[in-house]
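Undergrad: Quick one, fold the following:
(one chain, ligands or ions: 1)
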Amino acid sequence: MQHQKEFCRFAEVYGRYNLVQERVAQALAKRVEGGCRRIVDIGCGSGTFYRAYEHPFISYLAVDISEEMLALHPQRAGVEKMVGDFDDPALFKRLSKRDFDLLVSSSALQWSKDLDLTIGRIASLKKSTALAIFTSGTFASLHKVAGTESPIRSSEETAGILKKHLDAKIDILKYKLYFKDTLSMLRYIKRSGVSGGERRLTYLQIKRVLENYRLPYLEFEVVVAIGK
Ligand SMILES: C[S@@+](CC[C@H](N)C(=O)[O-])C[C@H]1O[C@@H](n2cnc3c(N)ncnc32)[C@H](O)[C@@H]1O
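TA: Residues are numbered from 1 along each chain as shown. Next up, the predicted model:
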């Protein structure tokens, strides 16, 4: 999958390009009550949610498909790292044998190949759940200018899947990130790991974006679900 390659390639500089993911993780962490002591974080990356979660914990299982990203995740007493794929039922079989009380995923599940199946598997674990999932509202104006389609699901589709499987409170968060010029925006998109689609822009599309994108910011949209 193209986006996974990107995460590995930029893993070392990722920390400087995840400003929005940081804000998303903070918004998610704020919505989680402090009572959960055993946490599983799927698509944990370099530990953005781990850093945002300020409550004490007994165990923190950090799961990611990329060993390069896992290597960047903080390691301390109680933290265990596991290579795992949230599109693979084997991960959920392993998790069902674990003792934990909160399943978290921040800024990762937009890349699930079949979100309906993945959320269904998460729901079958019957644990408290806190999820933040990017939607096609991310870079919406830029896609319009480039004449491209977002590679990720809309907020309606994402929220519909979440409501189908979880008894959850759902919010839609919107962010804007400002840049000094369009070139730095495109560089951010390539490196941030938020969207896997922009690397597929043709030379002509990039030229069109550079000429016609008049907004000084990029837009981001995230569906947040807190529930069971
Ligand atoms: C945008 S990053 C977010 C990382 C972190 N949760 C954060 O908030 O910054 C998405 C993460 O999902 C991981 N990922 C992508 N596809 C995955 C899959 N199928 N299973 C597990 N992790 C996956 C990537 O390796 C990457 O670390």
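Undergrad: what number of residues lie near the nearest residue to residue 69 once chain neighbours are set aside?
TA: Spatially, and ignoring its direct neighbours in sequence, residue 69 is nearest to residue 45 (4.9 Å; Cβ to Cβ, 6 or more residues apart in numbering). Every residue, glycine included, has its C-beta placed from N, CA and C. In terms of burial, residue 45 registers 26 neighbours under the definition other Cβ atoms under 10 Å.
Undergrad: and if you look at residue 216?
TA: Per other Cβ under 10 Å, the neighbour tally for residue 216 reads 13.
Undergrad: State the distance from it to residue 208.
TA: Per Cβ to Cβ, to the nearest Å, residue 216 is found 18 Å from residue 208.
Undergrad: try residue 162
TA: 35 Å.
Undergrad: give me the element residue 123 is part of.
TA: Applying DSSP states H and E as the criterion places residue 123 in helix 115-124.
Undergrad: Can I get the helix or strand following that helix in CSV? Just the C-alpha atoms.
TA: On the C-terminal side of helix 115-124, the closest following helix or strand by DSSP H and E is strand 128-134. The C-alpha coordinates for strand 128-134 follow below in CSV (Å, rounded to 0.1, in the frame of the first residue of the first chain):
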residue,chain,number,x,y,z
SER,A,128,-14.2,1.4,25.7
THR,A,129,-13.2,2.9,22.4
ALA,A,130,-11.7,6.2,21.4
LEU,A,131,-11.2,6.7,17.6
ALA,A,132,-10.2,9.7,15.5
ILE,A,133,-10.4,9.1,11.7
PHE,A,134,-9.5,11.5,9.0
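Undergrad: quick revisit: can you pull the pLDDT of the residue nearest to residue 69?
TA: For residue 45, the model assigns a pLDDT of 95.
Undergrad: same check, this time on the one 3 residues further on
TA: According to the model's per-residue confidence, residue 48 sits at a pLDDT of 95.
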